[in-house]
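[1] Predicted model and sequence follow; I will ask about them next.
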Amino acid sequence: MAIPRTDLLAGRTALITGAASGIGRAVAQHFLAAGAQVTLADRDGSVRDVADELGAAGGLMVDATDEDRVGATVVEAEQILGRIDVLVTSHGILTQSPMQDMPLRQWDETIAVDLTSVFLLARAVLPGMLARSDGRIINVASQLGIKGGASLAHYAAAKAGVIAMTKSLALEVSARGVLVNAIAPGPIETPMVDGIDEDWKRAKRAELPLGRFGTADEVAPTAVLLASNPGGNLFVGQVLGPNSGDVMP
């Protein structure tokens, strides 16, 4: 897909996590096409190759559940970019299990990767954003954080936490120049969703008013909107839903 080049994010800098593939990679491509300087981060070592391929300003490996590593990664991104104007948290894991069969380690891992890490990243970028009275934090949640999902209680709980945390942080910092919002996509054709069983995906497609899953390129422009000026200036604690009609707030 050819992404039109604009100046919507000209002069802005961004750190994007989960950027080696899926929605994170698409957000990085769209940010770059909109004129932003971007540093990519991912726990997958291929992030360095992806950064080179896209022309990003660096690709950093990070375990986002490691508090010290998150802090070091934010410092490194600030050194590369000069500052971080926008944080997009687009990393995550997705596994399946009925709750009655779910081991505690599966629950704990999902909460750590999909929720606690988002807290760690936001906390790490806030000092610089608040010092400048300027910043955008965009958390990629999920529509399942709003409606739940069978065999996905751990994932839905983590994403509901991301949504609630997004709203709470927005209340804390919006008057100080930092706007915090979430995107809650529906099922998207990404490597993460590829791992879900075909029966679940078939049933989900049948539920969707649009009748199909989305693509990462159809989600990424929402992040560009939230990061842009003036387009994103009035979004505070919002949850935008490119979800094929799965949730209609």
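    It's in. Given the structure is predicted, the values throughout are model-derived calculations rather than measurements.
[2] Would you map the helices across this structure?
    Counting by DSSP state H, the chain has helices at residues 22-33, 47-54, 67-81, 104-111, 117-132, 144-147, 153-173, 191-194, 198-207, 216-227.
[3] and the closest residue to L226 other than its chain neighbours, what is it in contact with?
    Excluding the flanking residues, the one nearest L226 by C-beta to C-beta, 6 or more residues apart in numbering is G232, at 4.4 Å. For every residue, glycine as well, the C-beta is placed using N, CA and C. Taking C-beta atoms under 8 Å, 6 or more residues apart in numbering, we find G232 in contact with 136, 179, 181, 225-226.
[4] With L169 instead?
    Contacts of L169 by C-beta under 8 Å, 6+ apart are 122, 137, 180.
[5] Could you report the pLDDT at V75?
    pLDDT for V75: 98.
[6] for V193, that is, sorry about that
    86.
[7] Just list the residues touching the residue lying closest to it once chain neighbours are set aside, thanks.
    Residue nearest to V193 in three dimensions, not counting chain neighbours: P187, with 5.7 Å by C-beta to C-beta, 6+ apart. The contact partners of P187, taken as C-beta under 8 Å, 6+ apart, are 193, 201, 204-205, 208, 213-214, 244, 246.
[8] one more time with 10 Å
    The contact partners of P187, by C-beta atoms under 10 Å, 6 or more residues apart in numbering, come to 142-144, 149, 193, 196, 200-201, 204-205, 207-208, 212-214, 243-244, 246.
[9] re earlier: which one of the helices of the chain lies nearest to R12?
    Set against R12 and scored by C-beta to C-beta, the helices of the chain come closest in helix 216-227, at 6.7 Å.
[10] That's all I had, so thanks and see you.
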